[in-house]
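Visitor: sharing a sequence plus its predicted fold:
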Amino acid sequence: MEASSTLEQEAQALKHLTEKRNRGAPKTKITFRKLDIGDFDRGYYELLANLTVTGDVTRERFEEQFNFISPATSHTYKIIVGIDDEKDKVVCNGTLILEKKFARNCATCGHIEDIVVHPDYGKQGIGGDLLTALSEMGKINNCYKLILDCAEKLEPFYGRQGYKYKGIQMAKI
Ligand SMILES: CC(C)(COP(=O)(O)OP(=O)(O)OC[C@H]1O[C@@H](n2cnc3c(N)ncnc32)[C@H](O)[C@@H]1OP(=O)(O)O)[C@@H](O)C(=O)NCCC(=O)NCCS
C-alpha cells in the first residue's frame, strides 16, 4: 500500500487533535486546520492584532499574499489556525516554517512563529494545543529541532511544552 502523503498526514493529525480536544468537553470547541482564504472574514486580522502591528491590509492584498504562500499545499509554511465553529471565528494562529538545510544530511529545522490566541479564549489550553499541533507538523516533516523566540515572561508557557532556554535572540531592524 502506498504511504500517505505528507499533506494527508498533516490533515489527519489536525483532525485527531481536534477530536481529542473536543472529546474532553472544553469550554470552547475548537477545530484546528490550515489557514483558509475565507479566514479574512473570520476575524483573522482582529486576532493578529493581539500579536503585532497588522497594518491596514485589504482583502485583495491578503488574497495576493495567501496565493503566494499557498498554505493548503505549501511544503514550507504550515499555518495552523483554530476555529470557534459556533461563532465561525478564527481564535488562534501558529506558523511552522520548514527550513531545508544542506548540513546534517540535508535536514529540516522548524521555526515556530506568530503564536497568538485571542484574549477572549485565553487560559483554556488552546495555546498549548496549538503548540502540540505545530509539533505534530514538525514530526511529520522530520524536523530535527523546533526553535522559537519569545518574551521572557512566556518561558513557563513554552517550557511546559518541552522548550528549553537556549542562547539569546539578536535582531536588526
Ligand atoms: C501566550 C498565549 C499564546 C497563551 O495562549 P493560551 O491559550 O492562553 O495558552 P494556554 O491556555 O494553553 O496556557 C496559558 C495558561 O493557562 C493555563 N491553562 C491551560 N488550560 C487551562 C484551563 N482549561 N483552565 C485554566 N487554566 C488553563 C495554563 O496552565 C497556562 O498557565 P500559565 O499562564 O501559567 O502559563 C496567549 O496568551 C497570547 O496569544 N498572548 C499574546 C500574544 C503572544 O505573546 N504570543 C506569543 C508570541 S512568542
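Guide: Great, that's in hand. Residues are numbered from 1 along each chain as shown.
Visitor: count of neighbours near the residue of the chain at minimum distance from the ligand?
Guide: Using Cβ to the nearest ligand atom, the single residue of the chain nearest to the ligand is Gly127, 2.5 Å away. In this view, the C-beta of every residue, glycine as well, is placed from N, C-alpha and C. Neighbour count of Gly127, defined by other Cβ atoms under 10 Å: 22.
Visitor: host element of it?
Guide: Per DSSP states H and E, Gly127 falls inside helix 126-140.
Visitor: which other residues reach that helix?
Guide: Outside helix 126-140, the residues within contact range by Cβ atoms under 8 Å, 6 or more residues apart in numbering are 6, 9-10, 13-14, 17, 21, 28, 30, 32, 78, 80, 82, 91-96, 110, 112, 115, 117, 146, 157-158, 160-161.
Visitor: the longest helix seen in the chain and the ligand, any residue contact?
Guide: Counting by DSSP state H, the longest helix found in the chain is helix 6-23. No - on the criterion Cβ under 6 Å from any ligand atom, helix 6-23 is out of touch with the ligand, staying 10.6 Å away.
Visitor: got the angle between the helix or strand following that helix and helix 126-140?
Guide: Next in sequence after helix 6-23, counting helices and strands by DSSP H and E, comes strand 30-34. For strand 30-34 against helix 126-140, the angle by axes from the mean of the first three to the mean of the last three Cα atoms, to 10 degrees is 40 degrees.
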